[in-house]
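Visitor: build me a model:
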Amino acid sequence: MTAEGPWTVGQLAELTGVTVRTLHHYDDIDLLVPARRSAAGYRLYSATDLERLAQIIVYRRLELPLDQIAELLASPTSAVEQLQRQRAAVISRRDELNQLADALDRALERIMNQQPATEADLRELFGDGYSEDYQTEAQDRWGDTDAWRQSSARAKNYTKSDWAEIKAETDAINADFIAALRASEPADGDIATAVAERARRQIDQRFYDCSHEFHRNLGEMYVSDPRFAASYDVQEPGLARYVRDAIVANCQRNAATG
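Guide: Alright, predicted model coming up:
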């Protein structure tokens with residue numbers, strides 16, 4: 001096989017990776033007719049034929065039909081114009097595939113967002129605020145209660161997106177408690193008790209039926225359980241007791257009006 005041709009059909013197939021059968025088909029439909037034939041009638045392809053085959057390969061990779069490729073190659077354009085046309089087709093196809101990939105990514109994200117959050121997702125969202133050991137201990141402690149069963153039934157279907165919303169709600173509530181404490185707002189005042197009511201409603205809507213009295217019991221635990229107290233006080237010294245006092249005051253207000 002020479003570097004510049006001519007090449008037999010087998011040699012051209014070996015050189016380009018296009019099968020002999022395909023080359024025969026291209027010849028039959030006049031898409032790539034060899035420059036000449038040998039005395040024995042064998043196809044012999046020239047360097048010009050190789051250049052045309054390269055153009056055909058590019059268009060085939062763009063998934064153009066053979067009849068359209070024939071029309072493109074038959075148009076009276078220079079080699080530069082053909083390459084420019086091929087490049088434009090490649091860029092167009094690339095943009096189309098990028099758009100398709102983006103659409104598939106969005107579809108996949110929508111599907112994945114409907115999947116229940118994994119423990120890895122929760123650790124990613126809540127960091128040190130999520131502990132498998134604590135979850136196990138909580139189940140051992142409250143697993144037989146209606147509140148736990150109701151909370152588990154709701155939470156098992158929450159997606160990572162749902163948990164992200166819950167975390168954002170919780171962070172906003174805690175931020176408002178901190179702001180009230182720093183502003184020396186009384187724990188039994190309108191501002192602090194309004195935040196406490198938001199905290200109760202979040203539990204009631206997101207996890208389990210949470211009455212004011214039940215919320216009051218939770219508030220007491222925020223102070224009595226060292227881990228709960230630490231999770232609040234690390235955000236702002238004295239926050240655990242302030243939150244508890246606001247919850248108690250909110251409970252008393254609602255008991256008086258109820």
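Visitor: in the stretch 51-200 of the chain, which spans are helices?
Guide: Ranges of helices within the stretch 51-200 of the chain are 66-74, 79-113, 119-126, 132-142, 146-155, 160-182, 190-206, based on DSSP state H, counting those that start in this stretch.
Visitor: winner for burial among these?
Guide: Counting by mean count of other Cβ atoms under 10 Å, helix 190-206 has the highest mean neighbour count of those, with a mean of 18. The C-beta positions use only the backbone N, C-alpha and C, and glycine is treated the same way.
Visitor: angle of that one against helix 146-155?
Guide: 70 degrees (axes from the mean of the first three to the mean of the last three Cα atoms, to 10 degrees).
Visitor: list the buried residues of the next helix or strand after helix 190-206.
Guide: Following helix 190-206 in sequence order, the next helix or strand is helix 212-224 (DSSP states H and E). For helix 212-224, the neighbour count (16 or more other Cβ atoms under 10 Å) marks 212, 214-216, 218-219, 222-223 as buried.
Visitor: show me what counts as buried in whatever helix or strand comes next after helix 212-224.
Guide: Next in sequence after helix 212-224, counting helices and strands by DSSP H and E, comes helix 226-233. Buried residues in helix 226-233, counting neighbours by 16+ other Cβ under 10 Å, are found at 228-229, 231-233.
Visitor: and Val9, how far from Asn174?
Guide: 77 Å (Cβ to Cβ, to the nearest Å).
Visitor: let me fix that: Ala230
Guide: When Ala230 is compared with Asn174 (using Cβ to Cβ), they lie 14 Å apart.
Visitor: isn't Trp7 right next to Tyr42, touching?
Guide: No - contact criterion Cβ atoms under 8 Å: Trp7 and Tyr42 do not qualify, at 10.6 Å.
Visitor: these two: which is more packed in?
Guide: Higher neighbour count among Trp7 and Tyr42: Trp7, with 22 against 12, using other Cβ atoms under 10 Å.
Visitor: since we're on the nearest residue to that one once chain neighbours are set aside, how many residues are nearby?
Guide: Distances taken as Cβ to Cβ, 6 or more residues apart in numbering place Tyr45 nearest to Trp7, at 4.7 Å, with adjacent residues excluded. Neighbourhood size, Tyr45 [other Cβ under 10 Å]: 26.
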